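S.K.: The following comprises the amino acid sequence and a computationally predicted model.
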Amino acid sequence: MKTIKFFSFLAFMLAASLNVFSQNKTGQVYLIRSTGYTGSAVNYRLYIDDQLACKLKNKSFSVHDIGIGQHTVSVVSGGISNGKKSAPLTITVVEGKANYVSVVSTQSGYVNKLTCQEITQNSADPLLAKATQNKNCLPAK
């Protein structure tokens, strides 16, 4: 009888320890679009690790929980564009911390160029205050 109790206890402890270690550690990534009038009529598509994460209108943001470690963020304009993603921005996500990524639009001649830029919380707070959160980034098809 003692052997059964011992093995039952051992199995319970093993299952409990595996459950603790299998939890994914995450951090948050805020994707912020506040680009003024440039491209304000079209959605921008933002990608995390080459996977579509969100379609954002101007003056909006989204929050994503992603695993810790290094990730890439890129953007492409909707509407009439060449369809090429911006150069990827590499960010390091730390457990329990937030990363803030802003879409930056620059113009060179007649060409509009979109890029992603990591910003501090102090820089993000005023942008977030003027923006609305998009909680339904990828509507069902």
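M.R.: That came in fine, so what should we check first? Since the structure is predicted, the reported quantities are computational estimates derived from the model, not experimental observations.
S.K.: List the buried residues in the helix or strand harbouring Thr106.
M.R.: In this assignment (DSSP states H and E), Thr106 forms part of strand 98-108. Within strand 98-108, the residues scored as buried using 16 or more other C-beta atoms under 10 Å are Asn99, Tyr100, Val101, Ser102, Val103, Val104, Ser105. Yep, even glycine has a C-beta here, placed from its N, CA and C like the rest.
S.K.: Which residues does the first one form beta bridges with?
M.R.: Just to be clear, that refers to Asn99. Val29 (DSSP bridges).
S.K.: on that earlier part again, in CSV: the buried residues of strand 98-108, plus distance to Ile66 and pLDDT.
M.R.: What follows is the buried residues of strand 98-108, written out as CSV (distance: C-beta to C-beta, whole Å; pLDDT from 0 to 100):
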residue, distance to Ile66, pLDDT
Asn99, 9, 96
Tyr100, 14, 97
Val101, 11, 96
Ser102, 17, 95
Val103, 18, 92
Val104, 21, 89
Ser105, 24, 82
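S.K.: any idea which of those residues is closest to Asp65?
M.R.: Checking the buried residues of strand 98-108 against Asp65 with C-beta to C-beta, the nearest one is Asn99 at 11.3 Å.
S.K.: What strand or helix carries the closest residue to Tyr100 other than its chain neighbours?
M.R.: Leaving out its chain neighbours, the residue that sits closest to Tyr100 by C-beta to C-beta, 6 or more residues apart in numbering is Ala124, at 3.8 Å. For Ala124, the element it lies in under DSSP H and E is helix 121-130.
S.K.: So which residues make contact with stretch 91-107?
M.R.: 25-36, 38-39, 44, 46, 56, 66-73, 75, 89, 112-121, 123-124, 127 (C-beta atoms under 8 Å, 6 or more residues apart in numbering).
S.K.: about what we covered before: hang on, isn't the residue nearest to Tyr100 packed against Ile32?
M.R.: Yes. Ala124 is within contact range of Ile32, at 6.3 Å (criterion: C-beta atoms under 8 Å).
S.K.: still on that earlier bit, just the CA atoms of the helix or strand that the strand holding Thr106 is followed by, as CSV, please.
M.R.: Under the assignment DSSP H and E, the closest C-terminal helix or strand after strand 98-108 is strand 111-119. Taking C-alpha atoms only, strand 111-119 is exported to CSV below (Å, rounded to 0.1, in the frame of the first residue of the first chain):
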residue,chain,number,x,y,z
VAL,A,111,8.1,58.0,-52.9
ASN,A,112,6.5,57.3,-49.5
LYS,A,113,8.6,54.9,-47.3
LEU,A,114,7.2,53.1,-44.3
THR,A,115,9.4,51.7,-41.5
CYS,A,116,9.0,50.5,-38.0
GLN,A,117,10.8,52.1,-35.1
GLU,A,118,11.0,51.0,-31.5
ILE,A,119,10.2,53.9,-29.1
